[in-house]
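In: A predicted structure for the sequence below; I have some questions about it.
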Amino acid sequence: MASSNRIVHWVTVFLRIALGGIFVYAAWVKLFQFSDGRLHLIPWQLFAMAIDSYQLLPQTGVELAARILPWIELAIGLLLVVGRWTRWASLVTSGLLVVFFSLMVRAYAKGQEISCGCFGPGEIISWKTLLRDGSMLAASLWVMAMAWVSRRAPRTLPEPLPPSGTPQESAPNLPS
Amino acid sequence: MKVFAAVLAALFCCAAAGPEVDKGKIIGTPTAPIRIDVFSDFECPACKNFHETLLPQIVRDYVMPGKVYVVNREFPLPIPAHQASREEANYATAAARLGIYQPVADALFQNQQAVINGAKPWDILTKILTADQQKRILALAKDPGVLAEVQRDVDAGNKERVSSTPTIIVSHGTQHFPLPYPINYTILRSLLDGFLK
C-alpha cells in the first residue's frame, strides 16, 4: 500500500472509531444514568422534551423518536467502533447527522434558544454546537465515502505483468 | 453524658438537613415524593415565562395534591445585560426569610421589562411591601447569611452544570434529571405521572 493510501486508511479508521464513540456516548447519556450504585434507564420523556423544542413533529412523532432514536444511535455507534457493516452504519450515521445538522441550523437561524438535545439537556444551540455537529457530519461523509469506494475497488491488486522475454503459455492453436 | 450525646446527635441531624434550602423558598411539602428545583434569574424572559405559565400549572396539578414540591433557587447570570439580577436575588432571598418569597418573586417577574429598561428593583418592591417589611428586607439583603445563601444557590447550580436559565431539575429518589427547556407540559406530566406510578 502506498504511504498516502496508508495515511488515508488510518485517518478513516480513526474517524470511524471516533464517530462511533461519540454516537455511543450520545446514546448512553440519553438512555442510562448511574445513581445509587445502580444503572437506571432514563425516562424517554427527557429526550422527548428536547425533540419537541424544535417544534417539528406531532406529539406521537416526538414520542416515537424519543423512544427509538437513542437505541439507533447506540447500535450504529457500536457498529462503527467495531467496524462491522461499516457501509450501512456510516450511511445511517450520515443520514441522521444531515437531519440533526439541518434542524440545528434552522433553529439557530430562527433565533430559537433551545437545547440541542445532542448529549442530554442543558446545551443550548450555538455556533459551537453547529461547528461540532458540522465537523461530525463531514467526518461521517468521509467515512461513508471511503467505505463505499473501498467496496467498489478490487479486493486484490492485479498480478503484475511478467517481464518481456519470459516464456508464456502459448495460446491454443485454433483451427483455422 | 447521655444528654450531651443526644444534643450532639440532634445538632448533626440539623446540620445535615440544615442550610441547603431555605424553607421560605419551597412551594409545597418537602415530604412529597418528587422535588423540582428551579434555577432562575429575575431578568431572564424564559424564567418569567416559566414562572407565570408553567409553574402555576405544576402547583395546581402536583404541588397542591402533595405529589411534588418546588424549590426556588437563585441563579443570577453573570452577564452585562443582567445588571440587577444579583440585587433582585438578594431581595427575594431576604423576602424568603420573612415568608414572602412568592409575592416578591411575582412582582419582580411582572416588572421584568421595567428593570431591563433601567428601573430600580427596590422601587418596584416598595409598591407591594409594608414599611416594616421594607425595613427588614433592606437590612436582610445586606446580611452576610443571605448573601451566602444566594451564593450557595449559584454554587449548587454550577455543581449541577447549569449553563442557562431557567434550569429545572426533577429529582425522584436518588435520581436527578435536568430538563431541556422549553418544557412541553404534556410531556412533563407524562414524566411526573410515570414517577408516581
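Out: Perfect, thanks for sending it. Numbers count the residues shown, from 1 in each chain, chains lettered A, B, ... in the order given.
In: who in chain A is up against chain B?
Out: A:33, A:35-36, A:40, A:42-43, A:45-46, A:48-50, A:52-53, A:59, A:62, A:113-115, A:117, A:120-124 (Cβ under 8 Å from any Cβ of the partner chain). For the C-beta atoms, the positions are set from N, CA and C on the backbone; glycine is no exception.
In: change it to 6 Å
Out: A:35-36, A:40, A:43, A:45-46, A:48-50, A:52-53, A:115, A:121-122, A:124 (Cβ under 6 Å from any Cβ of the partner chain).
In: for chain A, which segments count as helices?
Out: A:3-31, A:44-52, A:59-82, A:86-109, A:127-152 (DSSP state H).
In: what's the most buried one of the ones you listed?
Out: helix A:44-52 (a mean of 24; mean count of other Cβ atoms under 10 Å in any protein chain shown).
In: pretty sure B:Y62 is in a helix, no?
Out: Yes: the assignment for B:Y62, made by DSSP: H, G, I helix; E, B strand; the rest coil, places it in a helix.
In: give me the nearest residue to it, chain neighbours excluded.
Out: Distances taken as Cβ to Cβ, 6 or more residues apart in numbering or on different chains place B:V68 nearest to B:Y62, at 3.8 Å, with adjacent residues excluded.
In: then B:H172?
Out: B:F195 (4.6 Å).
In: distance check, the one you found against B:A131.
Out: 45 Å (Cβ to Cβ, to the nearest Å).
In: show me which residues of chain B sit near chain A.
Out: Residues of chain B lying near chain A (Cβ under 6 Å from any Cβ): B:163-164, B:174-175, B:177-180, B:182-184, B:187, B:190-191, B:194.
In: not counting sequence-adjacent ones, nearest residue to the residue nearest the centre of chain A?
Out: Centrality entry for chain A: nearest residue to the mean C-alpha point is A:T93, 3.3 Å, by Cα atoms, centre = their mean. Using Cβ to Cβ, 6+ apart and skipping residues adjacent in sequence, the residue nearest A:T93 is A:S140, 4.8 Å away.
In: which ones are touching the one you found?
Out: A:19, A:93-94, A:97 (Cβ atoms under 6 Å, 6 or more residues apart in numbering or on different chains).
In: and for A:I76?
Out: Contacts for A:I76 (Cβ under 6 Å, 6+ apart) come out as A:23, A:89, A:92-93.
In: spatially nearest residue to B:A46 (excluding sequence neighbours)?
Out: B:P166 (6.0 Å).
In: phi, psi of the one you found?
Out: Backbone torsions for B:P166, taken as degrees, to the nearest 10, come to phi -80, psi 140.
In: then B:E74?
Out: phi -90, psi 130.
In: distance of the residue lying closest to it once chain neighbours are set aside from A:E73?
Out: Residue nearest to B:E74 in three dimensions, not counting chain neighbours: B:A89, with 3.8 Å by Cβ to Cβ, 6+ apart. Here the criterion is Cβ to Cβ. By it, B:A89 lies 39 Å from A:E73.
In: cool, and B:P45?
Out: Distance from B:P45 to A:E73, by Cβ to Cβ: 33 Å.
In: A:F34 now?
Out: Taking Cβ to Cβ, one finds A:F34 at 19 Å from A:E73.
In: next: B:D106.
Out: Taking Cβ to Cβ, one finds B:D106 at 42 Å from A:E73.
In: then B:D155?
Out: 33 Å.
In: report the buried residues of stretch B:44-64.
Out: B:44, B:47-48, B:50-51, B:54-55, B:58-59, B:61-63 (16 or more other Cβ atoms under 10 Å in any protein chain shown).
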